[in-house]
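Enquirer: quick one, fold the following:
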Amino acid sequence: MTALDKLFSPIKIGTLEIKNRIVMAPMTVDYANADETPSDRQLAYYSERAKGGAGLITLEVCTVDADHRYQAKSLGLYSDHLIEPHKKLVDAIHANGAKVFPQIAHTGPESLAPFFRNMPSVGPSVVRTPTTMQVCRELAIEEIPALIEMYGDACVRAQKAGYDGIELHAAHSYMLLGSFLSPLRNHRNDAYSGRKLEGRMKLLLQVIANIRQKCGADYPIVVRLSGYEREAGGREINDTQRMAPLLVAAGVDGFHISGGVTDNNITQLIPGTEYQQGYNVAMAAAIRQVVDVPVMVVGRNIDPVAGEKILQDGHADMVVMGRALFADSELPNKAKAGLLNTIRTCTSCEDCVDTIFQNIGVHCAINARCGREAEFPLIKTASAKNILVIGGGPAGMEAARIACEQGHSVTLYEKSSQLGGLLSLASTMHRDNYRFLDYLRAEMQRLPVNIKLGTEVTPEFVRAQKADAVIIATGSNVTTPNITTIDDANVVSGTTLRQLLTNRFAHDTLGERVAIIGSGIVAVELAEFLAKKGKIVNLVSSDNRLAGEVGKKRRGEESRRLDTAGVIVNTGVQIDNIANDGVHITVAGKTRVVLANSVLIPDVHSANTALVDALQDAAPIVTAIGDCTGFGLIKKAVVDATVAIHALN
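Expert: Purely as a prediction, here's the structure:
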């Protein structure tokens with residue numbers, strides 16, 4: 001067992017003692033009530049993260065200005081009537097053992113005022129924010145004192161609600177304080193000028209002074225900063241370490257170090273798989289060397305062992321985890337107990353971000369309970385059932401896991417020689433998926449699931465088992481697109497393609513140039529995978545949309561990775577045939593050839609209900625989940641499994 005002594009040692013922020021050094025990052029989940037008060041959904045969500053063992057929870061953005069909300073269902077602390085609703089949330093978090101700071105912010109250029117109030121957002125200068133594409137107006141210098149008072153008043157309300165301290169958002173050239181701090185957005189020529197350190201810092205220092213005056217000397221204040229903006233024209237790499245001592249002298253008790261600036265895909269605010277774990281650590285270490293207050297670091301921290309190393313190496317005092325706690329709220333408790341292989345580790349799939357754009361609040365692809373804790377409580381069943389699960393892919397394994405945890409008796413049948421289903425293949429191309437695959441396989445070993453590999457069941461066999469419930473997770477119907485092939489073209493598809501991808505060296509047989517027909521997420525990840533192996537890859541499709549199964553955030557990241565890997569992308573073309581020289585296409589009436597030594601055609605998946613139809617009378621309850629009801633990604637498998645098992649109680 002790996003010792004995590006430093007991670008689970010106490011630490012003080014100002015006079016406040018935190019029980020361990022795991023901090024939950026501030027992540028707006030869009031669960032609040034329409035009036036910007038905490039909802040019951042939020043109480044359940046935050047309570048579970050507190051119960052899971054994080055020492056400090058940093059609440060999502062709480063805006064200080066009634067006119068300038070952050071999201072449709074985000075939080076506010078701009079009025080005294082909000083104190084009592086927040087007190088309920090604080091009490092719920094405290095009751096489960098964690099301390100909590102709200103993140104205090106004026107949304108500035110990121111405000112949704114243009115949509116909710118029919119008025120412009122505001123900022124240090126006129127800029128267009130990439131997330132809303134709205135242009136803010138420049139604040140007059142006479143307006144600034146009132147905004148400073150708003151910050152202080154909001155912190156007083158936080159104090160009255162029982163919050164243990166506050167965090168000021170001043171990072172990412174984002175929102176009001178971050179925008180004033182950054183030359184990218186602050187083009188002013190007055191006392192708040194972005195061209196000079198004193199001007200950039202002036203508003204932040206005035207806000208801190210106002211909070212100290214109103215909340216007292218002992219109320220903890222943490223400031224979130226970008227250690228380095230990583231953008232031409234932004235703050236330079238040594239700027240934050242110049243600012244930090246001045247902020248401590250002004251009354252700051254700790255720093256939360258992030259990195260980068262906002263863009264229209266929030267690339268560095270919520271980083272994808274191309275960013276290494278702990279990618280802001282060097283920036284935090286630079287700050288820690290010039291101040292004597294705690295420095296916490298965020299940046300794709302998903303592994304408690306890696307977090308321990310950050311602390312042991314002296315690079316930071318606390319480790320901030322965000323999406324890792326969407327995926328597994330119990331991560332801190334499991335890590336402390338040494339149960340590392342039971343942690344459901346974030347796969348950085350970005351579904352949590354993309355679901356916000358769908359106006360349903362944050363969801364997690366590998367944890368269906370995230371944000372639905374009250375709907376899917378962790379319970380032991382009062383009526384244990386004999387459950388038969390058919391299929392050992394992600395849907396079948398997740399169903400077996402939940403059912404076993406609830407106290408049911410579970411037997412899982414898988415016709416192949418190993419568990420995993422299509423997740424095994426997906427993990428080959430998107431390596432982060434291995435974490436979820438390994439987790440599910442480990443859970444099947446840990447729990448008393450009776451696993452029968454190499455067993456293909458028949459309707460007669462299932463009926464003979466006399467199960468109380470049958471969960472069918474047999475996967476999709478797989479076909480290969482019908483494309484005319486002439487001569488001796490080297491076409492790889494179907495079973496041959498799946499076998500090739502599970503053989504780590506088989507790609508060497510494909511030749512130098514590879515064409516992949518398709519533009520779905522499977523084709524896209526396959527193109528990235530082979531390009532990284534040194535192939536010249538062409539992605540060719542008659543469809544105009546790329547990776548249509550995923551959302552905007554993930555799609556943007558996949559596009560960037562295709563570009564970085566050098567994949568040649570041609571969509572919206574007519575595919576005529578495949579010959580021994582490659583793929584023959586027609587574009588704008590002209591016939592062309594996409595040269596290739598090998599042409600790969602990923603499978604097409606559709607619903608496969610044959611067994612489902614045959615088993616409708618095999619047990620009192622028969623439920624189909626996962627791809628057999630229609631192709632989906634990991635999220636569909638996990639949600640289907642969760643819904644099916646909870647429906648049994």
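
Enquirer: okay, CA-based contacts and neighbour counts for the rest of this
Expert: OK.

Enquirer: in this protein, which helix or strand is least confident?
Expert: Every helix and strand in the chain was compared by mean pLDDT, DSSP states H and E; the lowest is helix 494-502, with a mean of 80.

Enquirer: other SSEs contacting the following helix or strand past that helix?
Expert: Reading on from helix 494-502 to the C-terminus, the next helix or strand found by DSSP states H and E is strand 513-517. Contacting strand 513-517 under the criterion 3 or more CA pairs under 8 Å, 6 or more residues apart in numbering; DSSP states H and E are the following elements: helix 521-532, strand 536-540, strand 590-595, strand 598-601.

Enquirer: mean pLDDT added to those, as CSV?
Expert: Formatted as CSV, the helices and strands packed on strand 513-517 follow (pLDDT from 0 to 100):
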stretch, mean pLDDT
helix 521-532, 92
strand 536-540, 96
strand 590-595, 94
strand 598-601, 94
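
Enquirer: now the ones you listed as TSV including distance to Leu425 and mean neighbour count?
Expert: Output for these, formatted as TSV (distance: least, CA to CA, whole Å; neighbours: other CA atoms under 10 Å):
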stretch	distance to Leu425	mean neighbour count
helix 521-532	10	22
strand 536-540	19	24
strand 590-595	26	14
strand 598-601	15	24
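
Enquirer: could you list the domains of this structure?
Expert: According to automatic domain parsing, the chain is divided into the following domains: 11-356, 386-476+607-646, 478-603.

Enquirer: now render those as JSON lines, adding distance to Cys370.
Expert: Shown next, in JSON lines, are the domains of the chain (distance: least, CA to CA, whole Å):
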{"stretch": "domain 11-356", "distance to Cys370": "6"}
{"stretch": "domain 386-476+607-646", "distance to Cys370": "11"}
{"stretch": "domain 478-603", "distance to Cys370": "18"}
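
Enquirer: among those domains, which is nearest Leu4?
Expert: domain 11-356 (5.8 Å; CA to CA).

Enquirer: first-to-last residue distance for the closest one?
Expert: Taking CA to CA, to the nearest Å, domain 11-356 runs 34 Å from one end to the other.

Enquirer: pLDDT (mean, whole number) over that domain?
Expert: The average pLDDT within domain 11-356 is 95.

Enquirer: flag every buried residue along the least confident helix or strand of the chain.
Expert: Gly494, Leu497, Arg498, Leu500, Leu501, Thr502 (16 or more other CA atoms under 10 Å).

Enquirer: how about residues contacting the helix or strand containing Phe255?
Expert: Assigned by DSSP H and E, Phe255 belongs to strand 254-258. Contacts to strand 254-258, defined as CA atoms under 8 Å, 6 or more residues apart in numbering, come from residues 13-14, 171-172, 221-227, 248, 269, 280, 283-284, 293-299.

Enquirer: same check on stretch 142-154?
Expert: 64-65, 77-79, 104-106, 203, 206-208, 210-211, 214-215.

Enquirer: show me where the stretch 351-500 of the chain has its strands.
Expert: Counting by DSSP state E, counting those that start in this stretch, the stretch 351-500 of the chain has strands at residues 386-390, 409-414, 450-453, 469-472, 477-479, 491-493.

Enquirer: what is the fourth one packed up against?
Expert: By that I understand strand 469-472. Helices and strands touching strand 469-472, by 3+ CA pairs under 8 Å, 6+ apart, are strand 386-390, helix 394-406, strand 621-624.

Enquirer: most tightly packed of the ones you listed?
Expert: Highest mean neighbour count among the helices and strands packed on strand 469-472 (mean count of other CA atoms under 10 Å): helix 394-406, with a mean of 27.

Enquirer: how about the strands in the stretch 101-250 of the chain?
Expert: Here the stretch 101-250 of the chain has its strands, by DSSP E, counting those that start in this stretch, at 122-123, 137-138, 166-169, 221-226.

Enquirer: tabulate the ones you listed (TSV), appending mean neighbour count and distance to Ile257.
Expert: Formatted as TSV, these follow (neighbours: other CA atoms under 10 Å; distance: least, CA to CA, whole Å):
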stretch	mean neighbour count	distance to Ile257
strand 122-123	26	23
strand 137-138	18	27
strand 166-169	26	11
strand 221-226	25	5
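
Enquirer: nearest to Glu557, out of those?
Expert: Between Glu557 and those, the tightest spacing by CA to CA is seen for strand 221-226, at 21.4 Å.

Enquirer: what lines up beside the closest one in the sheet?
Expert: strand 166-169 (parallel), strand 254-258 (parallel) (DSSP bridges).

Enquirer: which SSE is Lys12 in?
Expert: Using DSSP H and E, Lys12 sits within strand 11-13.

Enquirer: please apply the same query to Cys62.
Expert: According to DSSP H and E, Cys62 maps onto strand 56-63.

Enquirer: need the contact partners of that strand.
Expert: So strand 56-63 is contacted by 18, 20-29, 49-50, 69-70, 74-78, 98-107, 167 (CA under 8 Å, 6+ apart).

Enquirer: neighbouring contacts of whatever helix or strand comes next after it?
Expert: Per DSSP H and E, the first helix or strand lying C-terminal to strand 56-63 is strand 75-76. For strand 75-76, contacts defined as CA under 8 Å, 6+ apart pick out 32, 36-38, 60-66, 69, 82.

Enquirer: and of those, the nearest to Gly361?
Expert: Among the contacts of strand 75-76, and counting by CA to CA, the member closest to Gly361 is Ala32, at 9.0 Å.

Enquirer: isn't the closest one up against Ala44?
Expert: No. Using CA atoms under 8 Å, Ala32 makes no contact with Ala44, being 11.8 Å away.

Enquirer: other SSEs contacting the strand holding Lys12?
Expert: strand 16-18.

Enquirer: so which bits of the strand it packs on are buried?
Expert: Buried, per 16+ other CA under 10 Å, within strand 16-18: Ile18.

Enquirer: and the helix or strand just after it, what does it pack against?
Expert: Heading C-terminal from strand 16-18, the first helix or strand you meet, by DSSP H and E, is strand 22-24. Judged by 3+ CA pairs under 8 Å, 6+ apart, strand 22-24 is in contact with strand 56-63, strand 318-321.

Enquirer: and Tyr570, how many residues sit next to it?
Expert: One correction, residue 570 is Asn, not Tyr. Residues near Asn570, counting by other CA atoms under 10 Å, number 18.

Enquirer: now for it: which residues touch it?
Expert: Asn570 sits in contact with Asn538, Leu539, Val540, Ser541, where contact means CA under 8 Å, 6+ apart.

Enquirer: got phi/psi on it?
Expert: When quoted as degrees, to the nearest 10, the phi and psi of Asn570 stand at phi -130, psi 110.

Enquirer: and Glu110, how far from Glu142?
Expert: 21 Å.

Enquirer: circling back to that earlier point, can you put the strands paired with strand 221-226 in CSV and add distance to Val587?
Expert: Below are the strands paired with strand 221-226 laid out as CSV (distance: least, CA to CA, whole Å):
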stretch, distance to Val587
strand 166-169, 50
strand 254-258, 46
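
Enquirer: show me the helices in the stretch 251-400 of the chain, by range?
Expert: 281-288, 304-312, 323-327, 331-336, 351-356, 394-406 (DSSP state H, counting those that start in this stretch).

Enquirer: of all these, which lies closest to Ala515?
Expert: Proximity to Ala515 (CA to CA) singles out helix 351-356 among these, at 28.4 Å.

Enquirer: quick check: Asn433 vs Glu274, distance?
Expert: Distance from Asn433 to Glu274, by CA to CA: 14 Å.
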